[in-house]
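> This is a predicted model, with the sequence first.
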Amino acid sequence: MWLVYCLLCVLAWGAWGFLPKLAQKHLDPLSAAVYQGLGTFALFIPVAVGAVLVSRVAPSVVDPAKLKLAWHPKGVQYAVLAGLGAALGGIFYQLAISKANVSIVVVITALYPLITVLLGWRIMGEQVTPRQWAGIALALVAMMLVAQTPQVEPRASNSAHLITKELE
């Protein structure tokens with residue numbers, strides 16, 4: 001099941017990477033980031049309410065004991081910092097796509113796991129194999145190649161033009 005979740009995550013994040021560019025056809029980057037945050041919050045409420053309702057109707061699906069909100073100062077601190085990091089990343093992403101092609105920006109920003117790997121290795125003592133270090137090096141080379149790609153105006157094929165017109 002974990003692979004299904006990963007693939008659904010890829011689909012959701014793939015849409016997330018593209019939709020702000022459409023939003024910016026009508027909004028400035030900061031406004032788009034604010035509305036994106038509202039969209040995130042709007043999803044959280046039904047998910048939380050749904051989990052509570054499912055736990056009452058079908059406790060075998062969602063264990064009611066697991067719905068208790070845990071509290072630990074350090075855990076909450078790190079969770080809030082993670083939320084702030086996500087929000088700041090979203091704002092910087094909006095600013096980047098307002099100045100460059102989304103097809104280039106999304107590839108470069110998709111390299112954020114490199115930071116996660118380095119932090120896990122340095123702070124948590126997680127092992128990184130030589131093969132993984134080679135992958136990290138290749139990812140950095142890929143980022144440099146993509147970043148040095150000249151910005152070109154998108155050329156719309158007939159079908160792409162029709163889709164874009166429909167989305168406007």
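Good, I have the coordinates.

> Could you use CA atoms for every contact and neighbour count after this?
Fine.

> list the helices and strands the strand or helix carrying Gln132 packs on?
For Gln132, the element it lies in under DSSP states H and E is helix 130-147. Secondary-structure packing of helix 130-147 (3 or more CA pairs under 8 Å, 6 or more residues apart in numbering; DSSP states H and E): helix 102-109.

> One more pass at 6 Å, please.
Contacting helix 130-147 under the criterion 3 or more CA pairs under 6 Å, 6 or more residues apart in numbering; DSSP states H and E is no other helix or strand.

> Need the residues that contact that helix.
Ile108 (CA atoms under 6 Å, 6 or more residues apart in numbering).

> Run the chain-centre distance for it.
Relative to the mean C-alpha coordinate of its chain, helix 130-147 is positioned 20 Å out (CA atoms, centre = their mean, to the nearest Å).

> What separation do you get for the residue lying farthest from the centre of the chain and Val49?
Largest separation from the mean C-alpha position in the chain: Val57, at 32.0 Å (CA atoms, centre = their mean). For Val57, the distance to Val49 equals 12 Å [CA to CA, to the nearest Å].

> domain assignment for the protein?
The chain breaks down into these structural domains: 1-101, 111-168 (assignment by automatic domain parsing).

> Give me whichever of those is most buried.
domain 1-101 (a mean of 13; mean count of other CA atoms under 10 Å).

> can you give me the mean pLDDT across that domain?
Per-region confidence: domain 1-101 scores 85 on mean pLDDT.

> how deep is Ser103 tucked in, by neighbour count?
Residues lying near Ser103 (other CA atoms under 10 Å) number 12.

> gap between the longest helix along the chain and the chain center?
Longest helix of the chain, by residue count under DSSP state H: helix 29-57. For helix 29-57, the separation from the chain centroid amounts to 15 Å (computed by CA atoms, centre = their mean).

> just checking, what packs against it?
Where contact means 3+ CA pairs under 6 Å, 6+ apart, helix 29-57 is packed against helix 73-99.

> Extract the C-alpha set from the helix holding Gln132 and format it as CSV.
Output in CSV follows, covering the C-alpha atoms of helix 130-147 (Å, rounded to 0.1, in the frame of the first residue of the first chain):
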residue,chain,number,x,y,z
PRO,A,130,28.8,5.4,-2.0
ARG,A,131,26.1,4.7,-4.6
GLN,A,132,23.7,7.2,-3.0
TRP,A,133,26.5,9.8,-2.8
ALA,A,134,27.0,9.2,-6.6
GLY,A,135,23.3,9.8,-7.1
ILE,A,136,23.4,13.0,-5.1
ALA,A,137,26.3,14.2,-7.3
LEU,A,138,24.5,13.3,-10.5
ALA,A,139,21.4,15.1,-9.2
LEU,A,140,23.5,18.3,-8.6
VAL,A,141,24.9,18.0,-12.1
ALA,A,142,21.3,17.6,-13.5
MET,A,143,20.3,20.7,-11.5
MET,A,144,23.2,22.7,-13.1
LEU,A,145,22.3,21.5,-16.6
VAL,A,146,18.6,22.4,-16.1
ALA,A,147,19.4,25.8,-14.5
